[in-house]
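In: coords please:
(one chain, ligands or ions: 1)
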Amino acid sequence: MENYKELETTFKQIYSNYHICYSYKTNYTPAICKCVKNLGGYAEVVSDMEYELALKIEYTPDKIVFNGPIKGKYLESHLLSNGINNIDRIEEAKYICEIAKKYPDHQIKTGIRVNFDIDAGYTSRFGIDINNLKEIFELLKSNNVEVNGLHCHMSRARGIDAWKLRANTMLKLVENYKLYDIDYISLGSGMFGKMDPELKAQFPLDAPDYDLYAEEVISLFAKFYKDKDKKPILFTEPGTTLVSKYVDFLAKIIGVKNIRGKDFVLLNCSFHNLGETSQMKNLPIRIFKNEVDIKHVNNANFVGYTCLEQDVIYRKYTGEISNDDYVLFGNVGGYSLVDKPPFIMPDYPMIMLDNEDIQLIKRKENFSDIFKTFVFEE
Ligand SMILES: Cc1ncc(COP(=O)(O)O)c(C=O)c1O
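Out: You can find the predicted model right below:
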């Protein structure tokens, strides 16, 4: 909650029409989505499943941003209820034109996700190539569909320069296409968020904080719109940035073994429980020691319950440990439980701690949760 408010306040101080749009795919735990809604945040969804969740959390379509390459049955009702939508591909634009033809008395509005190079070393597959925008603007206009927003999102480019390039490109598009009436501009996500010092130290560059993004990036909007009559909403779509540091995973040491000189520590979780960051860096850990039958391990790999060699969840641990010690992994809020397949074991429960208050927000999964969709022969 504090992180949300800090991000929002820091950006709003520079550009007052800034809003947070929370990325459901990062962690769609309903208790987290509800918390964002209570704080006034929008919902960013990329599928009918996530759209349904936003409705269940009692969002109205005007506070839901529909992104993603494949939207389903909710797109039509979303557009008819003044929902926010970003076109990802030409087929979607044509489909929206069909909706506009079907409802000639309704002004259909949509945004467009724009794809341009930010020198991140890969070609993104999302959105409309910036060089093909003219064609899509003409198609939408000739079908009486209004373009009311611009969106971009690039992963693997969290630094300030990449963010300045996003902002400057979007503002250039506003000028080139005379989009002075649009309702919003979204810069997507992929900012550095709050991290424990142990994790932060593993990044080669000093990760920028919210103040620096505000000074260097958000200020470009404040400057551009200073004397303009209409100041569109400026969105970012934080996922990891908002939640990662605020979810921990508590695992237990089940066994310790040495194979030809290499130490392995087996835990009762897997890399699927801990999310993608655990595969790139060592997550911050705290060990709660049992102090019974203590063993010393050297450069040990912590490994998970799956039968996969790549299930390594912490590397090069040196120290004293015992069976039944608890290991608390920090920074696991992003792409962890949403990315946990039903592989080998059902998932663990989740609790929320609010000062003295402890609340179960997801129960432990069981056999029937996993197998209820399969047909068992009589
Ligand atoms: C369109 C879009 N918005 C927001 C996000 C969330 O990004 P992050 O988790 O880096 O904050 C993603 C992640 O892939 C995304 O694709």
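In: all contacts plus neighbour counts: C-alpha atoms, from now on.
Out: OK.
In: what residues are up against residue 180?
Out: 174, 230 (Cα atoms under 8 Å, 6 or more residues apart in numbering).
In: cool, residue 294 as well?
Out: Shown in contact with residue 294 (Cα under 8 Å, 6+ apart): 320-322.
In: which ones among these come in contact with the ligand?
Out: Taking Cα under 6 Å from any ligand atom as the test, the ligand is in contact with none of the contacts of residue 294.
In: Looking at the residues you listed, state which has the most neighbours.
Out: Compared across the contacts of residue 294, residue 321 has the highest neighbour count, 22 neighbours, by other Cα atoms under 10 Å.
In: Quick one: residues contacting that residue.
Out: Counting by Cα under 8 Å, 6+ apart, residue 321 makes contact with 289, 291, 294-297.
In: can you tell me which of those are in strands?
Out: Filtering the contacts of residue 321 for membership in strands, criterion DSSP state E, returns 295-297.
In: Which positions in the stretch 151-300 of the chain make contact with the ligand?
Out: Counting by Cα under 6 Å from any ligand atom, the residues of the stretch 151-300 of the chain that sit close to the ligand are 153, 188-190, 237-241.
In: middle-most residue in the chain, spatially?
Out: Among the residues of the chain, the one closest to the centroid is residue 239, at 3.0 Å (Cα atoms, centre = their mean).
In: Can you pull the phi/psi pair for it?
Out: Backbone torsions of residue 239, given as degrees, to the nearest 10, read phi -120, psi -80.
In: got it, and residue 243?
Out: Note on residue 243: backbone dihedrals following degrees, to the nearest 10 are phi -110, psi -20.
In: Kindly report the same for residue 79.
Out: In terms of degrees, to the nearest 10, the main-chain angles of residue 79 are phi -70, psi -40.
In: again, but for residue 264
Out: In this entry, residue 264 is assigned phi and psi values of phi -130, psi 140 (degrees, to the nearest 10).
In: Against the ligand, how distant is it?
Out: Counting by Cα to the nearest ligand atom, to the nearest Å, the gap from residue 264 to the ligand is 31 Å.
In: Verify the contact between that residue and residue 304 for me.
Out: No. Counting by Cα atoms under 8 Å, residue 264 sits too far from residue 304 to count as a contact (10.0 Å).
In: more neighbours, the two?
Out: residue 304 (25 against 22).
In: Not counting sequence-adjacent ones, nearest residue to the more buried one?
Out: residue 270 (4.1 Å; Cα to Cα, 6 or more residues apart in numbering).
In: got it, and residue 123?
Out: Computed as Cα to Cα, 6+ apart, the closest residue to residue 123 that is not its neighbour in sequence is residue 117, at 7.1 Å.
In: same deal with residue 221?
Out: Spatially, and ignoring its direct neighbours in sequence, residue 221 is nearest to residue 15 (6.9 Å; Cα to Cα, 6+ apart).
In: ditto for residue 11
Out: Leaving out its chain neighbours, the residue that sits closest to residue 11 by Cα to Cα, 6+ apart is residue 214, at 5.5 Å.
In: so where do the helices sit in the stretch 51-200 of the chain?
Out: Under the criterion DSSP state H, counting those that start in this stretch, the stretch 51-200 of the chain contains helices at 74-80, 90-102, 133-142, 160-176, 197-200.
In: so which of the ones you listed comes closest to residue 218?
Out: Residue 218 lies closest, by Cα to Cα, to one member of the helices of the stretch 51-200 of the chain: helix 160-176, at 7.9 Å.
In: I'd like the distance from the helix or strand hosting residue 254 to the chain centre, please.
Out: Of the helices and strands defined by DSSP states H and E, residue 254 is found in strand 249-259. Chain-centre distance of strand 249-259: 30 Å, with Cα atoms, centre = their mean, to the nearest Å.
In: Give the other helices and strands that that strand contacts.
Out: Here strand 249-259 touches strand 262-267, strand 326-329, going by 3 or more Cα pairs under 8 Å, 6 or more residues apart in numbering; DSSP states H and E.
In: and the following helix or strand past the longest one, what's its mean pLDDT?
Out: Reading on from strand 262-267 to the C-terminus, the next helix or strand found by DSSP H and E is helix 271-274. Averaged over helix 271-274, pLDDT sits at 97.
In: Next: stretch 107-116.
Out: Mean pLDDT, stretch 107-116: 97.
In: Helix, strand or coil: sort out the one residue in the stretch 251-378 of the chain that gets nearest to the ligand for me.
Out: Closest to the ligand within the stretch 251-378 of the chain is residue 334: 6.4 Å, counting by Cα to the nearest ligand atom. Look at residue 334: counting by DSSP: H, G, I helix; E, B strand; the rest coil, its state is coil.
In: Can you add mean neighbour count and give the helices of the stretch 51-200 of the chain back as CSV?
Out: Converted to CSV, those look like this (neighbours: other Cα atoms under 10 Å):
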stretch, mean neighbour count
helix 74-80, 17
helix 90-102, 16
helix 133-142, 14
helix 160-176, 17
helix 197-200, 14
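In: what sits against whichever residue of the stretch 51-200 of the chain sits closest to the ligand?
Out: Closest contact between the stretch 51-200 of the chain and the ligand, by Cα to the nearest ligand atom, is at residue 190 (3.5 Å). If you count contacts by Cα under 8 Å, 6+ apart, residue 190 has them with 153-158, 238, 240-241.
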